[in-house]
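**Q** below are the sequence and a predicted model for it; my questions follow.
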Amino acid sequence: MTPEQQLIQQIIQLINSSQLERNPLLEDYAEQFSEMCRLANDRLLRCADYLDKGMRSEAIHEAQTQPDLFHLSELLASDGLRKWKNICIDLELARFQPLNESILTRLRSEMKLEEDLSPLLKEYRRCVYQADHPGCIRILRQLREKDPENQSWKTNLEPLEEAALGEWIEQAEEALSAMDLRWLKSIFNELNHPQRVVAAPESLMKRLRVALMSERSGDLLLEGEKLLGIVRDLMSKEDAVELDAQLEKCDKLMEDEAFLRRPPEWDKTLVSARELLETLGRRRAKQVDFNQAMSGMRDLLEGGSFGEMELRHEWERLEAWEMPIPELLRRQVEETLGAMRSRRLRRAKMIAYGTACGIILAVLVAFGVLWWHNRNVLRARRLAEMEALYDGKRIDELENYLKLVEESDPVFFKSPAVRTLNDKLLANKETFRKMALEYANRRTYLEGIRKNGYGAGREQIERLLREADENATSREEKDWLSSWRNGWRAWESRQVASADGVLARAIRQVDTSLVELRGVDLVGERKKLEALRDICQKAQVVDERASQEVRKRFAETKEKLDARWLDFETREREANEKALADEKAAAERKAKLVALRRDIPRALPDLTRYGQLLGEFLEVGAGEPEYSGYKATYDRIGMYSKAAMLSKFVLVNLSPGGESSRQISEFLAGEAGLPDSVWRADLSRASELMSETVGLRRKVMGLMSGNRNELRVYKFRFRRKGTETWTELYSPEPILEKTQDGVTQYWGQVYWCEKDDKRMSLLHTSRVFADKLTTELFEFERRVSPEDNLAAHTVYLRKLIAEANEASAMDIHLLKALGELRTSEEIDTIPAAWLAKRLVHFLYENCHAELPETTYWVDFAKEIDTNVPWINKNHPETRLASEKVAAFWVKMPDFEPIIRRLEANRALLCASLSFGVQCVGSIQPSGDSGGMKLVSCITSRPDELWVLQASAVNVLPQFKVLSTIGDSIDAESLKRDCFVGMPVFAPARGRESSKVLRNACPEESLRKRVEFPQSWPVNAR
């Protein structure tokens, strides 16, 4: 029973027991079950990935690897587990993820397809081994037909067909020369195969088709001549229906590829026939349409509900057909049109008479209305003029106007409106004369004021104008007052404008000057502000004569100028104080920069202190030549500090559990494990390899599980006394023995067969050796301890597992074991192959990332069968299996280059983490020329100088070798790879990258295949 089955059975028993309370056992079951489902789903996703890549065999192998996913899905679908999900939710246990049924369904269908294709695949492998290329092509086409979605068949088929295409083309040319139709047909079927990938030249295929169709060409020519004669007869008879049918037969004949030779004038006759057919069709359609038009005309005449224009248009359309019209219909239409025309003319004459009478009557009415309207308008205008004269107190003119109205229109004079106006004139006539006298007096005063230059006060002038305006009676009097008032206001406006001009000029000068003061020094600003204040004092004289708006603006300008003056005085005072302070600060800054330039290079190798001094320089050194370089260094100081964290660390190997493993964990948990650490990737890789080694040590113990019959086999040799041939005897349990009278007897169950072609049977020694197995009759070679008599492959496997606990790299350890199995003479062939298969599958399942070659090794291992009676070496199945094992070892590669590559990868990783990198100096300015130089902080001279580069902050950095000749650095490298302030590093003495690489990879070819660690200098790989 597998562990998975055991776990599921325990869960089902627990559910059936109804003891469902949360306890450590239940939690442990839930976590194990959840982990089992998670691992199964991960394997399903891996299978789906294999299927997406077209790797069906790998996907099915992955699914059938223990635990078998198909069997596991059946176990999980059992009735006893349906309650488990709800129990996990209710008790808040670890939840599990159901298996992905869609992937399982897909895997089952792919497995069925793989089983269906299995015979073809076996046949294909046989053809490959025998180099049977035609057989390979035939099998691949069958595979492609049954499995069209798998592109690997096409990929494998293409080179084979390309290689064979030239030979097929030569055969086709020979067959065409000989005109061997049977041979041509065979070649054509091959080149036109539906599953063919590489197409033959189109010109050749066309020639083959023409050659194959040469027999039918003559028969089709005779048939074409016969059809052509029938078409010509039908054209002369103008039989459209039969002609159309024969043309369809001609078209079908032309579609035949074998119709290569055509009768004379074939195309011309067919074109003429089609044109005649179209002409007959148009003629027939025109006759049908004309008959429909005549029927419509008759229906129109019989209906009677039509107009003259409608009938005329229909008749013109009918005549447009240019076809004979019946005389009866023509006469009927013409008579109907004549009668309708006579009625239309009579109706038009009556309408004309009525229209003329209406126009005359309308003219007379309009003339009367116009005369009445003009008389009313004239009276209204006269009344308005008289009222205007009364309102203007023009007494004389109004009396004359009334006399004129009385004489010209007595009726209008007697109207109520005119009589009322006349009565008002008679009542107010004396009052109007007194007002005229008062007006004359006020006018005399106003004339005198104007002559004296408007010397009177404003209130007096306003009073005189008001009194004169109250007594003015005529339009002329009011116009004179208006003119006098306008003149007086114009004089006032000129006075105000003059004052406004003075103030406006002052305002403009102040505003403009204040704007121009921007950027002016304090001395110039003082002179300008004093001049502006003098201008404002002079303009103050005319302030009272100016308009209110300008006076307000002038007051605002003065306030603005005064505020600016106060602000200037404040700024002038502050500027003087600041100048003194800046002078003092500049002196202090200069002294601090001198000290920092001296102390910054001396701070190394203490990168923490170095970063602090750089920060102080950045605070005060803006604008200095070193600022940009120091800024870049300060931004990356954390990255540089982490680069020196492993200066004391030495990693000898990747064995887990030691002091090195503990230190690596501490480094990853500390700053060295941060994203900007140059060591992070390599530390993580080393930690992963150590963790993988621990896991593989546990897993390798599983090689002893299962297959007890293969491992529990005991072996010893015996021979009958007096003979020279030794015989090997195998038993499932240690042979029992007893000694009596100096003779030792052995007995027990042993594997034995009477003939070489028989399988081994488990028999008792009494049935095999009739005279018993004793030292009296036989000589024996066996060890005292039963465990020492175990079969060689069992002893070897135990030794392999025991040595695995000391191995620092399990993949290398197992590869060495495979190499030993290949050359071992102590272990039998079949048990050695059985061990090799287990090791290959173990490497594929656990070390595939490091050893991608195991994908092919697994396929090779599938081809050998170890389930044979290997104890009987002469059995036919054993001999056949031994041959396949020999072929298996031939296909397997030489393991030494792979081992050297893996060892070199791990050696480089250990060496990279053991560089002992430390800070040895920094790049600093070289004089005033803008150059750079190395300022060392150590006394000894290193052999290599490194710099740590990163394209941006928080980007994974990389080392780069700056110099391999100590502290001598060429100017081009400095300019390309360095900037001011950059720390310079060096590996410990004797751990330079070039020396380490030569030691780890002495061969040039090996250096091209190794995987360099992330922290290895990029230009030293």
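**A** Alright, I've got the coordinates. Note that this is a predicted model, so its numbers are computed, not measured.
**Q** what comes into contact with stretch 597-615?
**A** Stretch 597-615 is touched from outside by 596, 617, 626, 630, 633-634, 637, 640-641, 644, 918-922, 924, 935, 937-938, 981, 983, with contacts defined as CB atoms under 8 Å, 6 or more residues apart in numbering. Heads up, the C-betas are built off the backbone N, CA and C, glycines and all.
**Q** burial check on P625, number of neighbours?
**A** A count of nearby residues for P625, using other CB atoms under 10 Å, gives 12.
**Q** who's in contact with the longest strand along the chain?
**A** Ranked by number of residues, the top strand in the chain under DSSP state E is strand 918-926. For strand 918-926, the surrounding residues in contact (CB under 8 Å, 6+ apart) are 600-601, 604-605, 607, 610, 625-626, 629, 640, 643-644, 647, 931-938, 942, 945, 967, 974, 978-986, 988.
**Q** the same query, at a cut-off of 6 Å, please.
**A** 601, 604-605, 607, 626, 644, 647, 932-938, 942, 978, 980, 982-986 (CB atoms under 6 Å, 6 or more residues apart in numbering).
**Q** give the partner strands of the very next helix or strand once past that strand in its sheet and their orientations.
**A** Next in sequence after strand 918-926, counting helices and strands by DSSP states H and E, comes strand 931-936. With DSSP bridges as the test, strand 931-936 is paired with strand 918-926 (antiparallel).
**Q** buried stuff in the strand it pairs with?
**A** Across strand 918-926, burial judged by 16 or more other CB atoms under 10 Å covers Q918, C919, V920, G921, S922, I923, Q924, P925.
**Q** now the fifth one: how far from L613?
**A** When distances are taken as CB to CB, to the nearest Å, S922 and L613 turn out to be 11 Å apart.
**Q** so how far is D828 from E754?
**A** On the measure of CB to CB, E754 and D828 end up 21 Å apart.
**Q** against A245, how distant is L277?
**A** Going from L277 to A245 by CB to CB gives 11 Å.
**Q** hang on, I60 packs against M111?
**A** Yes - under the criterion of CB atoms under 6 Å, I60 makes contact with M111 at 5.2 Å.
**Q** out of L277 and A245, which sits in the busier spot?
**A** When L277 is set against A245 and neighbours are counted by other CB under 10 Å, the residue ahead is L277, at 18 against 12.
**Q** is that one in a helix, a strand, or coil?
**A** helix (DSSP: H, G, I helix; E, B strand; the rest coil).
**Q** for it, give me its contacts.
**A** L277 neighbours (CB under 6 Å, 6+ apart): A240, L243.
**Q** same thing but at 8 Å, please
**A** With CB under 8 Å, 6+ apart, L277 has these contacts: A240, L243, D244, L247.
**Q** which one of E754 and D828 is surrounded by more residues?
**A** Between E754 and D828, counted using other CB under 10 Å, the more crowded position is D828 (20 against 9).
**Q** and the pLDDT at the residue nearest to the more buried one when sequence neighbours are not counted?
**A** Among residues not flanking D828 along the chain, W870 sits closest, at 6.1 Å (CB to CB, 6 or more residues apart in numbering). With respect to pLDDT, W870 scores 77.
**Q** from S882, how far out is W870?
**A** 9 Å.
**Q** do E724 as well
**A** Taking CB to CB, one finds E724 at 25 Å from S882.
**Q** and if you look at R82?
**A** For R82, the distance to S882 - CB to CB - is 51 Å.
**Q** give me the more crowded residue out of the two.
**A** Each of R82 and S882 has its neighbours counted (other CB under 10 Å); S882 has more, 18 against 11.
**Q** and that one, helix, strand or coil?
**A** Going by three-state DSSP: S882 is helix.
**Q** skipping its backbone neighbours, what lies nearest it in space?
**A** According to CB to CB, 6+ apart, the nearest residue to S882 is T829 (4.9 Å).
**Q** tally of neighbours for the one you found?
**A** 19.
**Q** tell me which residues touch it, please.
**A** W870, S882, V885, A886.
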